[in-house]
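Chemist: based on what follows, work out the 3D shape:
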Amino acid sequence: MQKEIKAVVITPSGYSQSKDYPVVYLLHGYSGNYKSWIQQVPLLETYADQYELIIVTPDGNFGSWYWDSPEVESSKYETYVGKELVEFIDKEYSTIASREGRAITGLSMGGHGALYLALRHQDTYGTAGSLSGGVDISPFPENWEMKKYLGIKAENPERWEEYSVLYQSNRLIPNKQKLIISCGTEDFFYEVNVKLHEKLTYNNIPHTFITGPGGHTWDYWRDAVQYQLLFFHNYFEQTK
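Modeler: Residues are numbered from 1 along each chain as shown. Next comes the predicted model:
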C-alpha cells in the first residue's frame, strides 16, 4: 500500500535467535489499531512467556475488515496481513516459518478477518480462531463502513458473499486446520457464530466452538483469548 504500518511484536522472555518460535497473529476490531490488544490485555506478555511464542498485533486500519477492497484501491489488508507481514516477521525474527508454526485469531472485525485470511491462505496458517467475530456480514449491510469497501450490498450481492466467512467456509478442507470459535451469548454476533458453527458441523469441518455468558466487550475477550492461546499452544506442541 506504499505506506508504513505499525505492529506490536511481543517476544517471550529468554527469546533467543538460536531457537525457532511459533507465532500468533492477533487482529483488532473495528475502530481499533495495532495497540488495542496490548493496551487492553497487558497479560499477553505473560502468555507469550508462558507458552514461549511470539505474538504479533498488526494494524488493520480503522475498518478494513482485512480485505483487499475491490472498491478502495488503497486498502489491501489481506495482502498486508496475510502475506507481507508474515514474510517480514519470518525474516526479522526467529520463527517456525511454516504453517505448523502459525496461528491467527482476532476479535469482532478481526475475528472475521482471522478466519477469512485463514481459509484463503490454508498453507500459511495451521490453526485459526475467532473471538466474537462478524463471521457473516450479510445481516449488516449498513454497518461498520463495509459498503465503503465492498460497494452497496443490494448492487453487489455475490461480492458480499465472496467476502464473508460464512459463505466462503466451503473452501475449508476437513482436518487441514485446527479451528476455535468463541462468542458470548449476549453478543450481537452470537447468532451468526451459531450459524457458522452449524455450517461447519454440517460440512464435517472439525472445530472447537466455545460459548457462554458475555457480550461484545473486553471483559469477554480478556477471558476468551486465554483459552485460544492455550488451544494454539497445544497445536504447536502436537506438530513439533
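Chemist: report the buried residues of the longest helix anywhere in the chain.
Modeler: Secondary structure of the chain per DSSP state H: the longest helix is helix 218-238. The neighbour-count check on helix 218-238 (16 or more other Cβ atoms under 10 Å) flags 220-221, 224-225, 228-229, 231-233, 235-236 as buried. All C-beta spots, glycine's among them, are computed from the backbone N, C-alpha and C.
Chemist: kindly report the same for stretch 191-206.
Modeler: Per 16+ other Cβ under 10 Å, stretch 191-206 contains these buried residues: 192-194, 196-197, 199-200, 205.
Chemist: and for the closest residue in space to M109 that isn't next to it in sequence, the neighbour number?
Modeler: What sits nearest to M109 in space, not counting adjacent residues and going by Cβ to Cβ, 6 or more residues apart in numbering, is Y30, at 4.2 Å. The number of residues packed near Y30 is 20, by other Cβ atoms under 10 Å.
Chemist: next one: S31
Modeler: With other Cβ under 10 Å as criterion, S31 counts 12.
Chemist: now for it: which residues touch it?
Modeler: 62-63 (Cβ atoms under 8 Å, 6 or more residues apart in numbering).
Chemist: correct me, but M1 touches K76?
Modeler: Yes. Using Cβ atoms under 8 Å, M1 is in contact with K76, at 5.3 Å.
Chemist: okay, these two: which has more neighbours?
Modeler: Higher neighbour count among M1 and K76: K76, with 18 against 13, using other Cβ under 10 Å.
Chemist: tell me the phi and psi of that one?
Modeler: The phi/psi pair for K76 (degrees, to the nearest 10) reads phi -130, psi 60.
Chemist: where's the residue nearest the centre of the chain, which helix or strand?
Modeler: By Cα atoms, centre = their mean, the chain has its centre lying nearest to A114, at 2.2 Å. If you go by DSSP states H and E, A114 is part of helix 109-120.
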